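Colleague: here is a sequence together with a model predicted from it:
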Amino acid sequence: MDDNLICVGAVMGAFGVRGEVRLKSFCADPSAIETYSPLTTESGKSYEVRLVRSVKSGFGAQLSGIDDKDAADALRGTKLYAKRDDLPTLPDDEYYHSDLIGLEVLDTGGIRLGKVILVQDFGAGNILEIAGKGLKEPAMLPFTLANVPTVDLKAGKIIADPPEGLFPDLTDI
């Protein structure tokens, strides 16, 4: 996937019979997704996006070239990407999820804890999912200033001060 593209939404399926889709926006201002149009899929297909109405968990939207329910249903699960240059510049303490995925995570003593494999948001704030040595399952680290005092995108690393017991004692591994 092109590093210049950021996932801003996903098609959840058809909405009605005239080719509208149910669109879930991942933008801080959900309706801003329309302003980043045209949006691109992972396969490189581009769509002009027009939001038609608010619906539960998203929007009813019209994508260019999608004129019937079957075509809209075929897009279910399709992620939509905007050009990074079209998105707003973020303040110093905010990050696009895609910029965090893949960063190395070190504790405050410099011991490697793992790598960010996913950023989750279940409604109570972002959580970094970290896979690493000695972990049977990925650790879920709340992405707060107390737990993650430093994010250095240029160096490709995060310094974390995780809660006690979240990671095994890696000095023994």
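Modeller: Received, thanks.
Colleague: what residues go with each domain of this structure?
Modeller: 5-86, 97-163 (automatic domain parsing).
Colleague: do me a favour and get the end-to-end distance for the shortest one?
Modeller: The first and last residues of domain 97-163 sit 22 Å apart, counting by Cα to Cα, to the nearest Å.
Colleague: let me know the average pLDDT across it.
Modeller: Domain 97-163 shows a mean pLDDT of 93.
Colleague: same check, this time on the longest one
Modeller: Across domain 5-86, pLDDT averages out at 94.
Colleague: any idea how far it is from the chain center?
Modeller: Centre-to-centre, domain 5-86 and its host chain are 15 Å apart (Cα atoms, centre = their mean, to the nearest Å).
Colleague: ok, now the shortest one?
Modeller: A distance of 14 Å separates the C-alpha centroid of domain 97-163 from that of its chain, computed with Cα atoms, centre = their mean.
Colleague: thinking again about what came up before, can you say which of the domains of the chain is packed in most?
Modeller: domain 5-86 (a mean of 17; mean count of other Cβ atoms under 10 Å). Quick note: C-beta positions are derived from backbone N, CA and C, even for glycine.
Colleague: packing partners of the strand or helix carrying S98?
Modeller: Using DSSP states H and E, S98 sits within helix 97-100. Under the contact definition 3 or more Cβ pairs under 8 Å, 6 or more residues apart in numbering; DSSP states H and E, helix 97-100 sits against strand 5-14, strand 112-121.
Colleague: which one, of the ones you listed, ends up nearest to D29?
Modeller: Comparing the helices and strands packed on helix 97-100 against D29 with Cβ to Cβ, the closest turns out to be strand 5-14 (11.0 Å).
Colleague: hmm, who's touching the helix or strand just after the closest one?
Modeller: Moving toward the C-terminus from strand 5-14, the next helix or strand (DSSP H and E) is strand 21-25. By Cβ atoms under 8 Å, 6 or more residues apart in numbering, the residues outside strand 21-25 that reach it are 8-15, 31-33, 49, 51, 55, 57-63, 66, 72, 75, 80.
Colleague: and stretch 46-58, C-alpha only, in PDB?
Modeller: Presented in PDB, the C-alpha positions along stretch 46-58 are these (Å, rounded to 0.1, in the frame of the first residue of the first chain):
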ATOM      1  CA  SER A  46     -11.100   5.700  -7.400                       C
ATOM      2  CA  TYR A  47     -14.600   6.900  -6.400                       C
ATOM      3  CA  GLU A  48     -16.100  10.300  -6.100                       C
ATOM      4  CA  VAL A  49     -18.000  10.300  -2.800                       C
ATOM      5  CA  ARG A  50     -21.200  12.200  -2.000                       C
ATOM      6  CA  LEU A  51     -22.800  11.800   1.400                       C
ATOM      7  CA  VAL A  52     -26.600  11.500   1.000                       C
ATOM      8  CA  ARG A  53     -27.800  11.100   4.600                       C
ATOM      9  CA  SER A  54     -26.800  10.100   8.100                       C
ATOM     10  CA  VAL A  55     -27.600   6.500   9.000                       C
ATOM     11  CA  LYS A  56     -26.800   4.400  12.100                       C
ATOM     12  CA  SER A  57     -23.000   4.000  12.400                       C
ATOM     13  CA  GLY A  58     -22.200   6.100   9.300                       C
END
